[in-house]
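J.: starting from these lines, generate the structure:
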Amino acid sequence: MLKRFVHISYIICSLLLMFVLLLTVTQLKNDVLEVRPYTGYKILTAYSVHTVEDSSAPVGIRTEYLFHFNDLPENGKTLLFHTKHQNVEVYVNGSCIYRLAPNEDNLFGETPGNDWNTIPVYASDTGADFKIDIIPVYESSLDIEPTFYFGSVLSIWVDLIGKNIITFVLSLVAVFLGILFSLLVFTNYRHSKINKSLLMMGIFSLNIGIWKIADIDATGLLFPHSIALAYLPYFTLFLVCIPFILYVKELFTNKENIFWYLPCFLSIFVILVSVILQLTHVADFRQVLWMNHTVMGSIVVLILLMIIYEIKTAGLHGQLKTTIFGMGCCLIGLIADLMIYYTSHGTSATLLGMLGFTVYISVLGIKSFREARRLMAIGMQAKHFKQMAYHDQLTGLYNRAAYAEYISHSNFNPEDHIVVMLDLNNLKRCNDTQGHEMGDRYITNSATLIEQVFGTVGKCYRMGGDEFCVLLNKISLRECAARVKRLHEEVSRHNQEHPTNFTIQIACGYEAYNKDIDYDLNDTLRRADKMIYHEKFAMKQAHVTPRIDT
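T.: Residues are numbered from 1 along each chain as shown. Take a look at the predicted model:
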């Protein structure tokens, strides 16, 4: 019950965060003033810094960066710098040429997000004074000093990708494995032995990968001034805790212990509170991120306690060793990342967390696909056994067991059916005079003709020996009679085309279910079987007159 509640709550929280993200994409925007077209690019660095108190600023402080350009070339230059939750104003000789701030009409949020700011510098600006005001939105952004670049956007993007290439590749691996785990579960979901908790690991992996990709500075160059991109890492971090704990608990013998669900409830509470605070302008996601980190800390403590309990109750078994190794890799990296995050005010992180996690899910991936291959082999074998259980091995038609299962199904309605019974004349004489190989050919050729005529409108069964049965569903007796007549025609044509084979003769009898005289469909079958003898007598007289109901 608790597991179902957590699953439903997680889905609701995911949809809620997706809705908020949709709002950021469609409703939030920055006011960006850019009055200069882009020209050439070249590297140039030199500036001074001053901190100024400003009561109109969100946190009462702004930082001024002063540039003075001399001897600029004719094609000009471009200054680029990245800001995190900071408003920006750029002045040239006291005139504002660039401004970045959240739009006043935004539904919620006080931050412009993480942005790349591109400032063209003309040849005519030689000797001019440039002042760049960086205005922090949060106190945690006070000590974030941007790095100023001079050069082409493409050059800087390539340089940033090069610096973050390991993180970028690991993130892509996490996204790929997340999709792979999810597809593995969905494509084998009906298989009782598939480890369905891998879906939770897939969701966790997917969120981790998206978080890191969105958090890389180089990604911001592809989506300039996107507030949604700034919020995306928070959304994905909110969504990692529940699938992670739901996956990990399945690795323990006491997986139904109620304590496993405590971090899940805490995570749901944090998500709901964070969204409410964000939408009501009380606090932005960044300001309450510590609550999600608290949830992560509670998960660390819980897992450590559960490992100790597992060792005491079940011993240090193989799966627990793998779990300890994987958790160790993830937890060491997580602790390092959190320490660096808070000491750098959110501007830096290590690769240890991502690396440890990637190693763990790669090991899981190898084990999971080995298991998937084994399950696929079992599935193919089971399918083969089912084929053997419900199909006649000689003709490929359904057998008597399949007939019994079909008419005993809870949804089966006998009133919609017509039973056609068929009997192969002279099969024993064929076996006695021409051998069982010719007898088997007689049976298979007859089965082919029966399937050819009736297979599109009903189910064909070999009941045993020389007896066949067809169940026709929701067709009239007139159409059934037409099909019987066509069968006789096909038999005649086959005998003419294969004169050296033993002559095929198929006697038919058919009856529709009658609730007044039939207890079940087997009674209908017996009535149809009696009708065969009339046709057998006619065939012995060398004159086949199939019955046609009107």
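J.: which ones are touching Ile134?
T.: Residues counted as contacts of Ile134 (Cβ atoms under 8 Å, 6 or more residues apart in numbering) are 62-65, 83, 86-88, 146. Every residue, glycine included, has its C-beta placed from N, CA and C.
J.: so which of those wins on neighbours?
T.: Within these, most neighbours by other Cβ atoms under 10 Å means Gln86, with 27 neighbours.
J.: go ahead and confirm that one touches Pro112.
T.: Yes. Judged on Cβ atoms under 8 Å, Gln86 makes contact with Pro112 at a distance of 7.5 Å.
J.: name the residues contacting each of the two.
T.: Val137.
J.: thinking again about what came up before, columns distance to Ala336 and secondary structure on top of the contacts of Ile134, output as TSV?
T.: Below are the contacts of Ile134 laid out as TSV (distance: Cβ to Cβ, whole Å; DSSP: H, G, I helix; E, B strand; the rest coil):
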residue	distance to Ala336	secondary structure
Arg62	33	strand
Thr63	29	strand
Glu64	35	strand
Tyr65	32	strand
Thr83	26	strand
Gln86	26	strand
Asn87	32	strand
Val88	31	strand
Pro146	25	coil
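J.: gap between Phe150 and Tyr390?
T.: 75 Å (Cβ to Cβ, to the nearest Å).
J.: what do you get for Lys312?
T.: 50 Å.
J.: out of those two, which sits in the busier spot?
T.: Tyr390 (17 against 8).
J.: quick one: contacts for that one?
T.: For Tyr390, the contacting residues are 398-399, 401-402, 405, by Cβ under 8 Å, 6+ apart.
J.: wait, is Tyr461 part of a strand?
T.: Yes. Applying DSSP: H, G, I helix; E, B strand; the rest coil, one finds Tyr461 inside a strand.
J.: what about the closest residue to Leu2 other than its chain neighbours, how many residues nearby?
T.: Leaving aside its chain neighbours, Leu2 sits nearest to Tyr261 (4.9 Å; criterion: Cβ to Cβ, 6 or more residues apart in numbering). The tally of other residues near Tyr261 (other Cβ under 10 Å) stands at 18.
J.: what's the answer for His409, then?
T.: His409 has 8 neighbouring residues, counting by other Cβ under 10 Å.
J.: assign it to helix, strand or coil.
T.: coil.
J.: repeat for Ala101
T.: Under three-state DSSP, Ala101 comes out as strand.
J.: quick check: it touching Ser56?
T.: No. Ala101 lies out of contact with Ser56 (Cβ under 8 Å); the separation is 12.0 Å.
J.: confirm that Leu79 lies within a strand, as I assumed.
T.: Yes. Assigned with three-state DSSP, Leu79 falls within a strand.
J.: ok, so of the contacts of Ile134, who is nearest Ile119?
T.: Val88 (9.3 Å; Cβ to Cβ).
J.: what's the closest non-adjacent residue to that closest one?
T.: Nearest-residue entry for Val88: Leu100, 4.1 Å, with adjacent residues in sequence omitted and distances by Cβ to Cβ, 6+ apart.
J.: so for that neighbour, what pLDDT did the model give?
T.: Per-residue confidence (pLDDT) for Leu100: 91.
J.: just Arg370 next, same as before
T.: We have a pLDDT of 67 for Arg370.
J.: please apply the same query to Gly458.
T.: pLDDT, Gly458: 89.
J.: I'd like the distance between the residue nearest to it when sequence neighbours are not counted and Asn399.
T.: Leaving out its chain neighbours, the residue that sits closest to Gly458 by Cβ to Cβ, 6+ apart is Leu472, at 4.0 Å. Going from Leu472 to Asn399 by Cβ to Cβ gives 18 Å.
J.: let's check: the centremost residue of the chain is which one?
T.: Nearest to the mean C-alpha position of the chain, by Cα atoms, centre = their mean, lies Ser182 at 4.6 Å.
J.: quick one: contacts for that residue?
T.: By Cβ under 8 Å, 6+ apart, the neighbours of Ser182 are 199, 202-203, 206.
J.: filter these down to the buried ones, ChimeraX style.
T.: Buried residues among the contacts of Ser182 (16 or more other Cβ atoms under 10 Å), as a ChimeraX selection:
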select :199,202,203,206
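J.: looking at this protein, which helix or strand is least sure?
T.: Least confident helix or strand of the chain, by mean pLDDT, DSSP states H and E, is helix 352-390 with a mean of 65.
J.: quick one: the helix or strand containing Gly178 to chain centroid distance?
T.: Element membership for Gly178 (DSSP states H and E) is helix 165-187. Here the centre of helix 165-187 is set off from its chain's centre by 11 Å, with Cα atoms, centre = their mean, to the nearest Å.
J.: and what of stretch 279-295?
T.: 28 Å.
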